[in-house]
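Q: Next come a sequence and a model predicted from it.
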Amino acid sequence: MALVYDTGALVAAERRDRAMWALHDQALVGGIDLVVPVVVLAQAWRGGPQHNVSRLLKGCLMIDIDEPMSRQAGALCAAAGTSDIVDALVVVIALRYRAAVVTSDPSDIGRLVTLSGHDLPIRPT
């Protein structure tokens, strides 16, 4: 099992959201892989220092985007009629890792998951 964090999860961590940090700490103790797509960090980062985001990332695997992921995310955006490539990449990476998505926007992520033809757990932040 793994968790993929979207931008809202990183923003919640920076705001010291107790529920987000409890989820993160439980996952670390439980040996759950924590995954952050590099595009999520780019979207969440607003200049330094962001101590809480930096602290959160120490326990996470940063995932770069490759060409097949990019194509899959683009196709998913086309199917959804959206241009939110970051959300689409979160879903693509979650599918690759068979992971739950931790998100502040469960409706948009849920729609992309449905359009992908797969089923993934979604955990609201």
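A: It's in. Residues are numbered from 1 along each chain as shown.
Q: element containing residue 83, please.
A: Using DSSP states H and E, residue 83 falls within no helix or strand.
Q: hang on, isn't it packed against residue 73?
A: No - under the criterion of CB atoms under 8 Å, residue 83 is not in contact with residue 73, lying 11.0 Å apart. Glycine gets a C-beta too; all of them are placed from N, C-alpha and C.
Q: More neighbours: which of those two?
A: Counted by other CB atoms under 10 Å, residue 83 and residue 73 do not tie: residue 73 has more neighbours, with 24 against 10.
Q: pLDDT score for that one?
A: We note a pLDDT of 98 for residue 73 in this prediction.
Q: Excluding chain neighbours, what is closest to it?
A: residue 88 (3.9 Å; CB to CB, 6 or more residues apart in numbering).
Q: One more: residue 19?
A: For residue 19, the spatially nearest residue (CB to CB, 6+ apart) is residue 125, at 7.0 Å.
Q: need the contact list for the one you found.
A: Residue 125 makes contacts with 8, 9, 12, 17, 19, 20, 23, 102, 103, 104, as judged by CB atoms under 8 Å, 6 or more residues apart in numbering.
Q: Please report how far the second one lies from residue 74.
A: Going back to what we said before, that points to residue 9. Remark: distance between residue 9 and residue 74 (CB to CB, to the nearest Å) = 23 Å.
Q: The last one now?
A: Plainly put, residue 104 is 23 Å away from residue 74 if you go by CB to CB.
Q: cool, the third one as well?
A: From residue 12 over to residue 74 the distance is 28 Å, taken as CB to CB.
Q: Likewise for the fourth one?
A: The span separating residue 17 from residue 74 equals 31 Å under the rule CB to CB.
Q: One more: the first one?
A: With distances defined as CB to CB, the gap from residue 8 to residue 74 amounts to 22 Å.
Q: more crowded one of the two?
A: Legend: neighbour count by other CB under 10 Å for residue 8 and residue 74, higher for residue 8 (21 against 15).
Q: quick revisit: which of the contacts of residue 125 fall in helices?
A: With DSSP state H as the criterion, helices contain 8, 9, 12, 19, 20, 23 from among these.
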